[in-house]
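Engineer: have a look at this prediction, sequence included:
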Amino acid sequence: MTCISAKLHTATFAARVVALGAALGLLGSAQRALAQDAPAATDEPAADAGAEDLGFSSAASAQPAPAVAEERAVGSWGTRFIDRPRTLPQGMIEAGGYLDYSRYTETTTTGEVTVSSTALTAAAGYGVTSEFELRASYGVSLDPSRGKGPFAVGAGFGFSEGSLAIAADGDFSYDLQSETGGIGLGARVRYKITPALGLYTRRQLVMNLIGDGQKPAELHLPLGAGYQVNDQLYAFAETELAQLNLRHSTTLAIFADYLPLTVGAVYVVSPKLEFGGTLYTDLRNSAFDALSIGGFGRAYF
């Protein structure tokens, strides 16, 4: 069950974080920094929010928004989530709030132990240019015995060519409660198969650099698919092909060791306001042994 707890440091959602989750991938996660009560998660840096850059990073694609969306937006920042650029437009400010609940059950020498946590994260981003953005986030646990949480800062540089869009991300996070910190590096890549369907991946490298004890480093291989249901509703599903041990961690392979699944949706009220949610579990093990549920809202100025 150690692999289960490692998958549930949510930051979701956020956090993953900064991407976000998200991305907040500054993701925010669905899933890092928000379950810092988990013994196996305290040695890892906060990460993004989650799937499809919902945590602390912008999610977008190479294709321009269709005319119906452009009429309601500034530039290409329309209501169609799949058509947005990979980074925030120049001069745009993003402000978001993320609420996440996670729980996992771990088998110890004395029996099974269930740990749960609820966390709230505030995140912000700014488009320095049309290709370069800056992001920051801070999360707190709603558990009275644990008020402090992870703080993260990061940056992303994006470009696109036809149906392919890529954004290189990097972030640094530090948990004020566990006094651990590290970096996250990788690329948010999306390829649009059709105007409404795309495949994507996000931040891959997570490396702990600060704190007592072992400092794990892992390479993750996430893969997801997103679908634009209509001009305002976007749905997605994501899994992870493998987690590779680089230092003081565990190598996991999909199907053989775990089968992580994140599903979620984003409803864009207008180009300036959106809401969404995610659900994470591990289908290889009991769904109730590893579970994370998150919701968020974001505004753009």
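Structural biologist: All right, it came through fine.
Engineer: helices and strands of the chain: which one bottoms out on pLDDT?
Structural biologist: The weakest-scoring helix or strand in the chain, judged by mean pLDDT, DSSP states H and E, is helix 67-70 (a mean of 34).
Engineer: so residue 127 sits against residue 133, correct?
Structural biologist: Yes. At 5.1 Å, residue 127 and residue 133 qualify as touching, with contact defined as CB atoms under 8 Å. Every C-beta, even on glycine, is put in place using the N, C-alpha and C of the backbone.
Engineer: so what sits against both of those two?
Structural biologist: With contacts taken as CB atoms under 8 Å, 6 or more residues apart in numbering, residue 127 and residue 133 have 87, 88 as neighbours in common.
Engineer: so these two - more neighbours on which side?
Structural biologist: residue 133 (28 against 22; other CB atoms under 10 Å).
Engineer: using the three-state scheme, assign the more buried one.
Structural biologist: Classification of residue 133 into helix, strand or coil gives strand, according to DSSP: H, G, I helix; E, B strand; the rest coil.
Engineer: use 672 as the first number for this chain going forward.
Structural biologist: Yes, from this point I'll number from 672; that puts the last item at residue 804.
Engineer: quick one: it from residue 817, how far?
Structural biologist: Using CB to CB, to the nearest Å, residue 804 is found at 31 Å from residue 817.
Engineer: just residue 937 next, same as before
Structural biologist: The spacing between residue 937 and residue 817, counted by CB to CB, is 29 Å.
Engineer: following whichever helix or strand residue 852 is part of, which helix or strand comes up?
Structural biologist: Applying DSSP states H and E as the criterion places residue 852 in strand 851-863. Scanning the chain past strand 851-863 towards its C-terminal end, the next helix or strand to appear is strand 868-872 (assignment: DSSP H and E).
Engineer: can you show me the strands along this protein?
Structural biologist: Using DSSP state E, the strands assigned to the chain run over residues 764-779, 782-798, 803-812, 821-832, 835-846, 851-863, 868-872, 876-881, 888-899, 904-918, 923-924, 931-941, 944-953, 961-971.
Engineer: ok, back up a step: settle it for me: which of residue 937 and residue 817 has more neighbours?
Structural biologist: When residue 937 and residue 817 are compared for neighbours, residue 937 comes out ahead with 23 against 15, by other CB under 10 Å.
Engineer: counting neighbours, what do you get for residue 834?
Structural biologist: Number of residues near residue 834 (other CB under 10 Å) recorded here: 15.
Engineer: neighbouring contacts of stretch 906-917?
Structural biologist: For stretch 906-917, contacts defined as CB under 8 Å, 6+ apart pick out 674, 677, 722-723, 878, 888-898, 900, 920-925, 929-936.
Engineer: what about 7 Å?
Structural biologist: Taking contacts as CB atoms under 7 Å, 6 or more residues apart in numbering, the residues outside stretch 906-917 that touch it are 722-723, 888-898, 900, 922-925, 931-936.
Engineer: can you list the weak-confidence ranges in the stretch 672-821 of the chain?
Structural biologist: Where the stretch 672-821 of the chain drops to pLDDT under 70, the residues are 672-747.
Engineer: again, but for the stretch 822-971 of the chain
Structural biologist: If you take pLDDT under 70 as the line, the stretch 822-971 of the chain has these spans: 958.
Engineer: buried set for stretch 878-897?
Structural biologist: Of the residues in stretch 878-897, 878-879, 881-882, 886-891, 893, 895, 897 count as buried by neighbour count, 16 or more other CB atoms under 10 Å.
Engineer: give me the distance from that stretch to the chain's centre.
Structural biologist: Relative to the mean C-alpha coordinate of its chain, stretch 878-897 is positioned 13 Å out (CA atoms, centre = their mean, to the nearest Å).
Engineer: over to stretch 889-901?
Structural biologist: Averaged over its C-alpha atoms, stretch 889-901 has a centre that lies 11 Å from its chain's centre (CA atoms, centre = their mean).
Engineer: just the CA coordinates of that stretch, formatted as PDB?
Structural biologist: C-alpha atoms of stretch 889-901 as PDB (Å, rounded to 0.1, in the frame of the first residue of the first chain):
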ATOM      1  CA  GLU A 889      10.900  10.100  -9.300                       C
ATOM      2  CA  LEU A 890      10.100  10.300 -13.000                       C
ATOM      3  CA  HIS A 891       6.400  10.000 -13.800                       C
ATOM      4  CA  LEU A 892       4.800   9.100 -17.100                       C
ATOM      5  CA  PRO A 893       1.200  10.400 -17.100                       C
ATOM      6  CA  LEU A 894      -1.000  10.200 -20.100                       C
ATOM      7  CA  GLY A 895      -4.500  11.600 -20.500                       C
ATOM      8  CA  ALA A 896      -7.300  12.400 -23.000                       C
ATOM      9  CA  GLY A 897      -9.500  15.400 -23.000                       C
ATOM     10  CA  TYR A 898     -12.800  16.000 -24.900                       C
ATOM     11  CA  GLN A 899     -14.600  19.300 -25.500                       C
ATOM     12  CA  VAL A 900     -18.300  18.200 -25.000                       C
ATOM     13  CA  ASN A 901     -19.600  21.600 -26.100                       C
END
